[in-house]
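Visitor: coords below, sequence missing:
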């Protein structure tokens, strides 16, 4: 009589499961996805109204503004740079866009592309100094941060520009099938960047330049133009976030973008983008932006002081940098 010994899990199935798990953890955004699921579950249990439709709309709208800036920052980090001026670029661009709308008479539907073009020009300034003159991106963008922020105050003298008109408010307050328009723009932008980085030569060049710039040049890649493009895109997406926020508030505030730099860098790093370049994920950055928005919203629902919110975000940044270091060593 043949005796069959039962096996809890056949060996091929076990190996397949182990492979799937290892692939998941090898993905740059695995950590932030797990953290997002755990945090969302905890807040859902702690706050009854956390998962309400209105609150989810608030969370996603908050994630969209910082997320757009983070997408541009991701491109810069991928080529091995960093842009500290994105917040100031968002503020200056929104002010110029508001002036173009209220004083120059540009049609409201043209303000978005106009502001994005202006933002690309601001980013291009960084690109000229970093890619063209090979200056340190940290020093260059630190300087342009002060320049852009100073110009914003010079132009506005510290006062907001308002009102911007009902026709323009649709970009910040409108919805498509119940989804806030800024969220739709954020997600569409992320999809376009995913396609660009994975399906185009430019995307492959971005990873190549960040991974090994000298090798990329030897391979015939025009590294300076790739870096220039990345900084230009960072400025353009920051401007888009700034003008959408102005549309939402029906006012262009000189202080717009002041707190977006930390959030943008944190979202990108949490999503698996390396500070050394050549490694990163747009999906991870999107998840990182959502995680930060959920964290900020959760502290409000739990009545945590706004002062402690900054402490928490700072701790998250340190953890993100530590995770990036451990990933690179591993």
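Guide: Yes, it's here. All of these numbers come straight from a predicted model, not from anything done at the bench.
Visitor: for the rest of this, base every contact and every neighbour count on C-alpha atoms.
Guide: Noted.
Visitor: show me the shaky parts of this protein.
Guide: For the chain, the stretches flagged by pLDDT under 70 are 1-29, 320-321, 323-330.
Visitor: show me the contacts for the residue nearest the centre of it.
Guide: In the chain, the residue lying closest to the centroid (CA atoms, centre = their mean) is residue 70, at 1.5 Å. Residues near residue 70 by CA atoms under 8 Å, 6 or more residues apart in numbering: 263, 264, 265, 267, 268, 285, 289.
Visitor: got the phi and psi for residue 176?
Guide: The phi/psi pair for residue 176 (degrees, to the nearest 10) reads phi -120, psi 110.
Visitor: should've said residue 175
Guide: Torsion angles at residue 175 (phi, psi; degrees, to the nearest 10) stand at phi -140, psi 150.
Visitor: which residues sit in contact with the spatially closest residue to it that is not a sequence neighbour?
Guide: Closest residue to residue 175 apart from its sequence neighbours, by CA to CA, 6 or more residues apart in numbering: residue 181 at 4.8 Å. With contact set as CA under 8 Å, 6+ apart, residue 181 has these partners: 171, 172, 173, 174, 175.
Visitor: re earlier: now, among the contacts of residue 70, which is nearest to residue 105?
Guide: Using CA to CA, residue 264 comes nearest to residue 105 of these, at 32.4 Å.
Visitor: the closest one contacts residue 73, correct?
Guide: Yes: Residue 264 is in contact with residue 73 according to CA atoms under 8 Å; the separation is 6.6 Å.
Visitor: quick one, which of the two is more surrounded?
Guide: Neighbour totals were compared for residue 264 and residue 73, and residue 73 leads with 32 against 29 (other CA atoms under 10 Å).
Visitor: how about the helices in the stretch 151-300 of the chain?
Guide: Applying DSSP state H, counting those that start in this stretch to the stretch 151-300 of the chain gives helices spanning 166-173, 181-199, 201-211, 213-218, 223-249, 260-270, 282-301.
Visitor: of all these, which one comes closest to residue 45?
Guide: Nearest of these (CA to CA): helix 282-301, 11.3 Å.
Visitor: hmm, who's touching that closest one?
Guide: Contacts of helix 282-301 (CA under 8 Å, 6+ apart): 28-30, 32-33, 35-36, 39-40, 43, 47, 50, 59-60, 62-64, 66-67, 70-71, 74, 190, 193-194, 263-264, 266-273, 305-306, 309, 313.
Visitor: buried subset of those residues as a ChimeraX selection?
Guide: Buried residues within the contacts of helix 282-301, by 16 or more other CA atoms under 10 Å, are selected in ChimeraX with:
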select :28,29,30,32,33,36,39,40,43,50,59,60,62,63,64,66,67,70,71,74,190,193,194,263,264,266,267,268,269,270,271,272,273,309,313
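Visitor: picking up where we left off before, which helix or which strand is home to the residue nearest to the centre of the chain?
Guide: Following DSSP states H and E, one finds residue 70 within helix 53-78.
Visitor: next SSE downstream of that helix?
Guide: Per DSSP H and E, the first helix or strand lying C-terminal to helix 53-78 is helix 86-102.
Visitor: tell me what angle the next helix or strand after that following helix forms with helix 166-173.
Guide: Counting by DSSP H and E, the next helix or strand C-terminal to helix 86-102 is helix 108-127. Between helix 108-127 and helix 166-173, the angle comes out at 60 degrees (axes from the mean of the first three to the mean of the last three CA atoms, to 10 degrees).
Visitor: mind listing what's buried in helix 108-127?
Guide: Buried residues in helix 108-127, counted by 16+ other CA under 10 Å: 108, 111-112, 114-127.
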